[in-house]
Structures are given as C-alpha cells and as structure tokens.
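with the sequence up front, the predicted model follows.
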Amino acid sequence: MAIVVAVQAHAAANDLCDDATAVDTPPFDDVVVARDATLEPDEPGTPACAAAAFAHSVWYALPAGAYVVSTCGSDFDTVLQLYDGDSCDLLDRETTVCSDDADLCGPGARQSLIAFRAGDDVHVQAGSSGPAAGTLHVSIRLAPPAPNDACTAATLIGHPVFREILDVAATGADAADRGTLSSCGRAGDVRLGDAPHSVWYLYTPATSGRVTIDTTGTTTADVVAVFTERPEGCARLGARVGCGANEPVVFDGVAGTTYRVYVATTKAVAPDILVFRLTGPNAPPIAVATAVPGARVVLSAAASTDPDGDPLAFTWTQTAGPPVALSDPADAAPTFVAPASAVAFQVAVTDGAALATASVTVASAGVDADGDGVPAAEDRCPATTPGAAVDGDGCACGESGHVECAASACMAGRCDAATGRCVAEPAPSGTPCADDGDPCTDDVCGGSGACTHPRAQSFRRVSCRLDAMHALVAARGASGRGRARLVRLVAAARDAIARAATSAGAGDARHARRDLARASRGLARVIRLVVRLEARRKIASDEAGMLLDDAQAAADEVATLRKTLGAAGR
C-alpha cells in the first residue's frame, strides 16, 4: 500500500552511517543503486530480522515524528531496521521495529515496511537480505492523522482491497463509542468501552463473499467490530456480524449491504500507529509487459488492468542477461541503458491482495531472427509472421509453441491476439468452485473471477446457526439448571428444523410448517432465557451477545421459510 514516486536511480552516497541522508521534510523518495553499497566493518548494527548474509546497507536520519518507511518496489529482497539516537556511535537497535518481507508491499513481496512513532531523532538502515542487491526504492512518509475519528466521519472504502496506516494519537471516544464493544472482551488490560482511541469505516461490497479485516502490525492492543448499517446510521448500530480482539475479523459480506467498521486501540499505553487492511471479494489484476528497444530501453506495464478498478503497484525484476540498473523498479515504465546482449525482465503487478506477473525479453541487435523482440536462443517460435503480437516466448496465438492458457474454476484462459498473451475471463456467476470446508457456506464463483463462499440458504443455513449456538453453549459448560435448559431448548429447535427440512424435501408442506412453528416458539424461549441468564450473571456478556444475534437471525430465517412454504401451499 506504500505510495511510490518515480525517481531516477543514483549511486549510494549514504553507504556509511555517518553519511546518512537527512530527511527533515517528508514525503521523501530515494532510488539508489544498492549493489555497490557495502557493509561497514564497524557498522553500528545489523537488523534484528535479517538473514546472516545481510549486506549492501544505506542509512537515513529522521527527526521525531510518526513515520511509514518502505522499500516497496525495490527489485531485490530487502530489510529495514529502526535505531534510536542521533549519533552513529550511540545507536540503540529497536528489535521490534524491523521488517524483512511485508505484505503491505503486496502478496509474497520480498520488500519491507515499518511504521513507528519516534519521540526523538532516529536512524533507519536499509539493505539486502542476502548477498544480491539491485535498485533500492526507499519511501518515507509521515503517518497521516486519522480523519475518521467520529462515527459520522467514517472513511468510505470504495474498492475490495483497502490498505491504510494512520496516526491515531489524537482520536478519542465519541457518543457512538460507548458500549459499542461491551461483548468483545478486553484488549490488553482495558475494556475498550472506556473512551479508547478509535476510528470508523464504511464498506459496501459489490459482490458477495468473504471479507477479512486485519490490523496486524498495530503495536498496541486493538479490537475490530463490524455492524450492518441501519437507516439511523451512528444513532443506532445494526446487527453485529464480526468482532475480535488482536486478531483478524472475518465475515461473509453480502453484495449491496453496507457495513460499519469500528477499530479501537487501548489507552493503557501511549498511542501508536494503526495498520488497517480490508480485503473483500477480489479479482486478481491482469499483468502486461512490453518493451521499446533503443539505446535506452523503455519497459512498460501501463497496459495492466484490474477488474475491480483497484489501484496497482509494480515491481520490475531482471531475470536474465548482464545486470542493468533500472531508473526505478517501482515505476510502471522504467528505463535502462541497453547492454550488448539480450536481457529479460518480469513485472509483478499487485492490487494489494492478489498478484499477477508478466515477462518481456529485450534482444540486442542481430539476435532477433523474426523481429518479434525475442532473441533466437529464447524464441520458441522463431518464424512468427512479421507484425504479429507475441508472448514472452516469442509465440503468437495459434502457434504450436505457444503455452496453453491455464484456467481455474472461476477464470477461463484464452490467448489475446492483440498481445499474444494469455488472459483470464471470469466464469459465470454461480459456477461451483473450491470448497472452503465450511458446511454453512456455498462455494460458487461470484462473477468477477473470485471463488466466493456466501452463507448457505434455506434450511441448511438455519441448521448451521443452531449448530453454532449448540456448540457455543456446550463448550462453555452446562452446569446449573438455567444453562441445562438452554442446551435443551437449542437442541429441540435444531431437531424441529431437521424434521421440517425432511418434510419439505418430501413435499409435505403442512408438517414442515408445523415443525417450523415449533422451532419459532423454541427460539423465542431461547431469547427470553438468554436475556434472563445474562441479567442474573449466569452467562457472560460476550456469550449472550453471540447467542442473541444467532437466535434472532435464526428466528427471522424461520419466519421467511414459513412464509415461503405457506405461499407454496396455497
């Protein structure tokens, strides 16, 4: 998610800690040819998370502030380390602020990102996680203050992939905070209903499917709660669909339904930086790589697209030929000085959650027999018709050497004659796809190329809710008459649903409606009993909240089934 700005690569003038580049006024971007940088004999330290072969380090000096520092877009495996102190002779390594591979640079990324608050002058060390290095892109930004402190100022999330790092120091509780998380338990040693640092988001998925909210990297304790949006907005939150402390929150989003997301960090310790990720039903990007030869070659991934309209980030890596220095490996169209022989590159294109790659080869003069830009030694189709678009192997669509365009359950592969490359097209909505192992969900393609797992419909959906309620009550123990009765009521409602499903499957609507009525009465008793048990402190508030949510949802679904069967019987 780090923002990268195209900057021309240059030799490393900050190889030594004493020559650290002073960054007094972020934002700041630096592109360094790191392969010539060295590891000093008296290097102040090595990163706590680095491999034994850490090398090629450069240094940056920063004043106090809240920062996001990344090497996203660099073309080699990087490491970042924070040190406290303004003198290279007296630096203290912050062992918890070290990054090797950061998912915020994209899935499977080998680059790094750290977010931290510095109370005084600090140094940042960037280098290679191994002996190989190339072009290093360093981005230094101030973490922006949270603009979404108030519930009424919630940030609107318009894409299925959203990443954000915020300074939450100035946030506080507003009227909607109080009691919002009373059933989520504690974060650290403070119940978060007591005026925490908090921010709000609104998200409406375009397609149904699994939604994950992850705050990994936030160094203070945190809690995330998700509610369906009601017409009253902040005045009255809707049903809770997800809640978790210090762990990802996952829920099944319904297309067109708006969800209000609340994130709180405890006041037990000094405020820190919030790292927020939301990933909804998402189609991967489509990567396209081309090259314009010349004395200075221009690579381009500008034709790459994303089906969801997500913003894209790029990382170019050289895969063959004599080493060259890219102007900026994070640029969509970097350049380099053409060597005497052929070179090849791969570009990784990411929307933050999914990754696609494409390759391109740039031939030297006199090597390319059919003029398609692929040297003869690597050209699988050396007699391609002049002017035909080819893939990275030098083959046009229909040639025998062209690779078979792979397909998955939700994406059909075909060869695009305009580019010579394989492209993927979404399978029709409702096409079966990989089972997620959850018996309460259907496993179908969502129409955008992603395998979705919406909640199962009809009787199976109600049965799953009741199974979950029964498992929750059983797991907490059934001691006491009230809890024992609760177990019996849930089991009876579950049995009634099972009989109704059997009758409905046999075409016996009358008996199915009768058993659904019994289940409805049983669920009403469950709701009343849970309310009494919570009032008498016989069950915990978090358990009561989950049971009441599931029981009410099950009762609504039973009512819908009764209406459906009633209409069918008339």
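Thanks, I have the structure now.

which residue ranges form the strands in the stretch 451-570 of the chain?
Secondary structure of the stretch 451-570 of the chain, counting by DSSP state E, counting those that start in this stretch: strands at 451-452.

pLDDT below threshold where in it?
456-457, 476-479, 567-570 (pLDDT under 70).

next one: the stretch 51-200 of the chain
Scanning the stretch 51-200 of the chain residue by residue, the ranges that satisfy pLDDT under 70 are 173-195.

let's see 50
183, 188-190, 192-193 (pLDDT under 50).

my guess is P147 contacts A153, does it?
Yes: contact status for P147 versus A153: in contact at 6.6 Å, counting by CB atoms under 8 Å. Every residue, glycine included, has its C-beta placed from N, CA and C.

packing partners of the longest helix anywhere in the chain?
Of all the segments assigned as helix in the chain under DSSP state H, the longest by residue count is helix 541-569. Secondary-structure packing of helix 541-569 (3 or more CB pairs under 8 Å, 6 or more residues apart in numbering; DSSP states H and E): helix 458-475, helix 481-505, helix 509-535.

need those helices in a markdown table (columns: distance to I140 and mean neighbour count).
Formatted as a markdown table, the helices and strands packed on helix 541-569 follow (distance: least, CB to CB, whole Å; neighbours: other CB atoms under 10 Å):
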| stretch | distance to I140 | mean neighbour count |
| --- | --- | --- |
| helix 458-475 | 47 | 18 |
| helix 481-505 | 55 | 18 |
| helix 509-535 | 50 | 18 |
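
kindly reformat those helices as a markdown table containing distance to S74.
Shown next, in a markdown table, are the helices and strands packed on helix 541-569 (distance: least, CB to CB, whole Å):
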| stretch | distance to S74 |
| --- | --- |
| helix 458-475 | 45 |
| helix 481-505 | 55 |
| helix 509-535 | 54 |
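
quick check, pLDDT for A6.
Among the per-residue scores, A6 holds a pLDDT of 48.

the strands in the stretch 1-150 of the chain, which residues?
In the stretch 1-150 of the chain, the strands defined using DSSP E, counting those that start in this stretch lie at 10-11, 21-22, 28-33, 54-62, 65-70, 78-84, 92-99, 113-118, 122-129, 135-142.

would you mark the buried spots in the longest helix of the chain?
543-555, 557-558, 561-562, 565 (16 or more other CB atoms under 10 Å).

same deal with stretch 391-398?
391-397.

may I see the strands of the stretch 1-150 of the chain arranged in CSV, with mean neighbour count and distance to A418 as well?
Listed next are the strands of the stretch 1-150 of the chain as CSV, based on neighbours: other CB atoms under 10 Å; distance: least, CB to CB, whole Å:
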stretch, mean neighbour count, distance to A418
strand 10-11, 11, 37
strand 21-22, 15, 44
strand 28-33, 21, 32
strand 54-62, 23, 41
strand 65-70, 24, 35
strand 78-84, 25, 36
strand 92-99, 17, 40
strand 113-118, 21, 36
strand 122-129, 26, 39
strand 135-142, 24, 31
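
which one of the ones you listed lies nearest to T317?
With respect to T317, and counting by CB to CB, the nearest of these is strand 135-142 at 9.9 Å.

now do the closest one against strand 28-33, angle only.
Between strand 135-142 and strand 28-33, the angle comes out at 170 degrees (axes from the mean of the first three to the mean of the last three CA atoms, to 10 degrees).

let's number from 731 now, not from 1
Sounds good: first residue 731 from here, last item strand 865-872.

for the helix or strand just after strand 865-872, which strands pair with it and how are they oriented?
Moving toward the C-terminus from strand 865-872, the first helix or strand encountered (DSSP states H and E) is strand 885-887. Under the criterion DSSP bridges, strand 885-887 sits next to strand 927-933 (parallel) in its sheet.

can I get the strands of the stretch 731-880 of the chain in TSV with distance to V1090?
What follows is the strands of the stretch 731-880 of the chain, written out as TSV (distance: least, CB to CB, whole Å):
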stretch	distance to V1090
strand 740-741	25
strand 751-752	33
strand 758-763	21
strand 784-792	26
strand 795-800	26
strand 808-814	24
strand 822-829	30
strand 843-848	27
strand 852-859	25
strand 865-872	17
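
and the contacts of stretch 1251-1267?
Applying CB atoms under 8 Å, 6 or more residues apart in numbering, the set of residues contacting stretch 1251-1267 from outside is 1199, 1212-1213, 1215-1216, 1219-1220, 1222-1223, 1226, 1269, 1271, 1274, 1277-1278, 1281-1282, 1284-1285, 1288.

convert the C-alpha atoms of that stretch to CSV, please.
Below are the C-alpha coordinates for stretch 1251-1267, written out as CSV (Å, rounded to 0.1, in the frame of the first residue of the first chain):
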residue,chain,number,x,y,z
ARG,A,1251,-41.6,-20.9,19.6
GLY,A,1252,-38.5,-22.6,20.8
LEU,A,1253,-36.2,-19.8,19.6
ALA,A,1254,-38.4,-17.2,21.3
ARG,A,1255,-37.9,-19.2,24.5
VAL,A,1256,-34.2,-19.3,23.9
ILE,A,1257,-34.1,-15.5,23.5
ARG,A,1258,-36.1,-14.9,26.7
LEU,A,1259,-33.9,-17.3,28.7
VAL,A,1260,-30.6,-15.9,27.5
VAL,A,1261,-31.8,-12.4,28.5
ARG,A,1262,-32.7,-13.6,32.0
LEU,A,1263,-29.5,-15.6,32.4
GLU,A,1264,-27.4,-12.6,31.4
ALA,A,1265,-29.3,-10.3,33.8
ARG,A,1266,-28.6,-12.8,36.6
ARG,A,1267,-24.9,-13.0,35.5
